[in-house]
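J.: Predicted coordinates and the sequence they were generated for:
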Amino acid sequence: MSTSCVSPKSALVIGGGPSGLITLRNLSKYCPSLEQSSIGGVWFLQNDDNKWQSPAYPDLVGNVLPEYLSFSSYPPFPPTEKKEQPFPTIDQTFAYLTSFAKDMELDGKIRCGVEVLQAEELKEGGWKVALQTSNDEHITELWDAVICCTGIHSTSWWPSTGGLDELRTLGRAKHASEWMGLQSAQALEGKKVLVLGNAASGNDIAAQLASVAPSPGFVYRSIRRPAFPGFPSLPDPNIQDVSPVRRYSSSPDSPTFTAELEDGTLIEDLDLVFAGTGYRANPSYPLMDPSPEPWRIPSLHQHILYTPNPSLAFIGCIMCFTPFTISDLSSIWLALAWSGKITYPDLPIWEQDRLENVKKLKEEWGGEDASNFASYNVLGYGEQTYAEGLRKEVESADAEIAKTLPLWNDEETKRREAMYDARLESLKWLSNKSAA
């Protein structure tokens with residue numbers, strides 16, 4: 001374990017979404033050495049004047065219940081008005097986050113419309129950070145520590161299927177990050193669309209397209225493996241599920257294109273592909289050049305602390321079922337580590353164990369064709385073990401702080417997993433309401 005502790009007096013939090021806000025609060029609250037902190041999200045609904053694109057859209061409804069969107073030591077996320085639809089909308093989530101920032105008196109520490117261009121590690125310690133405002137003003141600042149909280153929705157991930165790059169160039173392939181809900185669906189009424197993926201984004205896009213499709217044969221959903229229970233969807237006669245795509249054939253002279261599936265089927269006269277294929281945490285960090293295999297932010301302890309230089313940390317860079325509470329727990333752990341109350345190794349021992357576990361999981365789940373839940377950056381079914389371990393370290397360091405955190409055990413995991421049944425029931429309610 002590390003014999004010395006990083007105790008920064010100033011820290012820059014990059015990212016203004018849920019992970020950034022709770023990290024700023026927890027560092028300010030639980031890290032006594034910190035004299036100065038600043039912040040520079042997915043749950044912000046942009047307008048045409050916004051420089052940075054958000055993947056949110058006007059009628060977006062989340063898939064996490066209010067209980068698991070609540071921050072510690074703060075009033076819980078208010079329930080929705082309709083018990084049949086217990087999942088908060090984008091507006092309700094954004095209202096909770098803005099109220100949290102205001103009530104926790106974080107406003108004076110938050111700078112909106114500021115982009116971090118570069119964070120340079122200094123030999124004498126600390127970081128030189130280059131910033132650019134929305135007015136293109138360039139600023140250079142010095143910080144003792146940097147925490148990246150840009151999450152996993154900053155960079156769209158695309159499959160490497162043959163012909164897809166050509167479709168993107170022609171404007172005939174778009175990512176779920178460009179989807180604008182029913183507005184996009186209505187603009188594509190009568191068009192023949194292929195949706196890639198059957199997780200949350202793919203299911204939402206397919207369902208909304210199906211609601212305006214004149215008949216079957218206009219909406220296709222390409223599926224590589226059965227859907228995870230956490231991504232429920234209703235059967236719809238206007239959605240035709242098909243096998244994965246082998247390649248695309250297109251021509252600049254033709255407004256439509258063809259998708260050849262792995263089972264040999266051809267889907268002709270397609271107008272558009274929408275990729276609900278997920279995201280990756282921003283891959284432009286120099287420490288990821290060359291890109292590590294498997295893909296990950298390397299040398300992190302507990303997905304949080306960069307072991308070669310623990311003045312660099314990451315919060316919210318993993319995919320999990322309850323991202324708000326995991327970011328809350330992770331940033332409390334970080335604050336206590338920087339306060340010297342939690343020890344950590346100065347070698348990437350945790351990373352090596354994680355790599356071995358993921359390798360075993362992939363082999364058990366079918367090798368290279370295993371589910372994406374057998375990935376380094378996805379907690380999946382291991383979320384309870386991960387969170388339980390962090391919480392125990394927090395409890396050993398400060399039992400009073402631990403009391404403010406939710407529990408992770410078998411009983412609580414069953415309660416969390418019951419969200420998926422609730423989500424399915426809410427989809428049925430919405431469907432019946434629309435049909436009435």
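T.: Arrived safely. Please read these numbers as outputs of a predicted model, since none were measured by experiment.

J.: any chance you could map the strands in the stretch 101-250 of the chain?
T.: Applying DSSP state E, counting those that start in this stretch to the stretch 101-250 of the chain gives strands spanning 114-121, 127-133, 138-143, 145-148, 155-156, 173-175, 193-196, 219-222, 239-242, 245-249.

J.: can you list contacts of the first one?
T.: Contact with strand 114-121 is made by 12, 14, 40, 51-52, 127-134, 138-139, 146, 309, 312, as judged by Cβ atoms under 8 Å, 6 or more residues apart in numbering. For the C-beta atoms, the positions are set from N, CA and C on the backbone; glycine is no exception.

J.: For residue 385, see how far away residue 328 is.
T.: Applying Cβ to Cβ, to the nearest Å, the value for residue 328 to residue 385 is 18 Å.

J.: Counting neighbours, go ahead and name the busier of these two.
T.: More crowded of residue 328 and residue 385, by other Cβ atoms under 10 Å: residue 328, with 27 against 13.

J.: which residue sits closest to that one, ignoring its sequence neighbours?
T.: residue 22 (4.9 Å; Cβ to Cβ, 6 or more residues apart in numbering).

J.: I'd like the average pLDDT over whatever helix or strand that neighbour lives in.
T.: Assessed by DSSP states H and E, residue 22 sits inside helix 18-30. For helix 18-30, mean pLDDT is 94.

J.: Would you mind pulling up the elements that that helix packs against?
T.: Counting contacts by 3 or more Cβ pairs under 8 Å, 6 or more residues apart in numbering; DSSP states H and E, helix 18-30 packs against strand 10-14, strand 36-39, helix 90-103, helix 323-338.

J.: any idea where the helices of the protein begin and end?
T.: For the chain, the helices defined by DSSP state H occupy 18-30, 90-103, 164-169, 182-187, 200-210, 323-338, 349-364, 383-397, 399-402, 410-435.

J.: Where does pLDDT dip in the stretch 301-436 of the chain?
T.: 367-371, 431-436 (pLDDT under 70).

J.: how near is residue 148 to residue 129?
T.: 11 Å.

J.: just to revisit the earlier point, can you check which of the strands of the stretch 101-250 of the chain gets nearest to residue 375?
T.: When the strands of the stretch 101-250 of the chain are compared by Cβ to Cβ, strand 155-156 sits nearest residue 375, at 15.3 Å.

J.: Pull up the pairing partners for the closest one, direction included.
T.: Note on strand 155-156: by DSSP bridges, its sheet partners are strand 279-280 (antiparallel).

J.: Report the mean per-residue pLDDT for the partner strand.
T.: 78.

J.: Need the contact partners of that strand.
T.: Contacts of strand 279-280 (Cβ under 8 Å, 6+ apart): 55, 152, 153, 154, 155, 156, 157, 177, 295, 377.

J.: Any of these buried? List them.
T.: 55, 152, 153, 154, 156, 177, 377 (16 or more other Cβ atoms under 10 Å).

J.: residues contacting the last one?
T.: Read it as residue 377. Residues in contact with residue 377 (Cβ under 8 Å, 6+ apart) are 152, 280, 281, 295, 296, 297, 303, 317, 318, 319.

J.: coming back round to it: take the strands of the stretch 101-250 of the chain and write them to CSV, including distance to residue 390.
T.: CSV is the format used below for the strands of the stretch 101-250 of the chain (distance: least, Cβ to Cβ, whole Å):
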stretch, distance to residue 390
strand 114-121, 25
strand 127-133, 25
strand 138-143, 25
strand 145-148, 16
strand 155-156, 26
strand 173-175, 32
strand 193-196, 34
strand 219-222, 37
strand 239-242, 38
strand 245-249, 39
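
J.: Quick one: closest of the ones you listed to residue 6.
T.: Closest to residue 6 of those, according to Cβ to Cβ: strand 145-148, at 7.0 Å.

J.: any idea how far the residue nearest to residue 328 is from residue 236?
T.: Counting by Cβ to Cβ - residue 22 and residue 236 are separated by 37 Å.

J.: of those two, who's got more company?
T.: Ranked by neighbour count (other Cβ under 10 Å), residue 22 and residue 236 place residue 22 first, with 29 against 18.

J.: wouldn't residue 320 be in contact with residue 326 here?
T.: Yes. Contact criterion Cβ atoms under 8 Å: residue 320 and residue 326 qualify, at 4.9 Å.

J.: so what pLDDT did residue 109 get?
T.: 83.

J.: low-scoring stretches of the stretch 51-200 of the chain, by residue?
T.: By pLDDT under 70, the low-scoring segments of the stretch 51-200 of the chain are 51-56, 107.
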